[in-house]
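Asker: Show me how the following folds:
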Amino acid sequence: MDPLIEKLSKRAIHLSGKSKQELERTCWMTVHEYKHGAMPTEYDIREIDEELYLEVLRIAKEII
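Answerer: Now for the predicted structure:
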């Protein structure tokens with residue numbers, strides 16, 4: 001497993017806390033933070049790497 005994907009996935013899981021229903025959102029936020037250097041703001045429309053997001057989400061689901 002790619003160490004970066006694992007690191008981002010674990011961060012997303014941590015951010016989602018007890019509510020694993022937020023996992024898709026926190027994976028998106030984590031990838032956004034990785035790409036742009038900051039968490040997204042409410043109306044942040046900058047693009048993220050879709051492939052990276054999907055892989056982070058897949059691994060996060062596997063870890064859970």
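
Asker: Quick one: classify the residue most central in space within the chain as helix, strand or coil.
Answerer: With the centre of the chain defined as its mean C-alpha position, the nearest residue by CA atoms, centre = their mean is residue 27, 2.0 Å away. Assigned with DSSP: H, G, I helix; E, B strand; the rest coil, residue 27 falls in the helix class.

Asker: confidence score at it?
Answerer: The predicted local confidence for residue 27 comes out at a pLDDT of 96.

Asker: so it touches residue 56, yeah?
Answerer: Yes - counting by CB atoms under 8 Å, a contact exists between residue 27 and residue 56, whose distance comes to 4.9 Å. From N, CA and C alone the C-beta is placed, and that goes for glycine too.

Asker: so what's in contact with the two at the same time?
Answerer: Common neighbours of residue 27 and residue 56 are listed as 8, 9, 12 (criterion: CB atoms under 8 Å, 6 or more residues apart in numbering).

Asker: So the residue lying farthest from the centre of the chain: helix, strand or coil?
Answerer: Going by CA atoms, centre = their mean, the residue of the chain most distant from its centre is residue 43, 17.5 Å out. At residue 43 the chain is in coil, as set by three-state DSSP.
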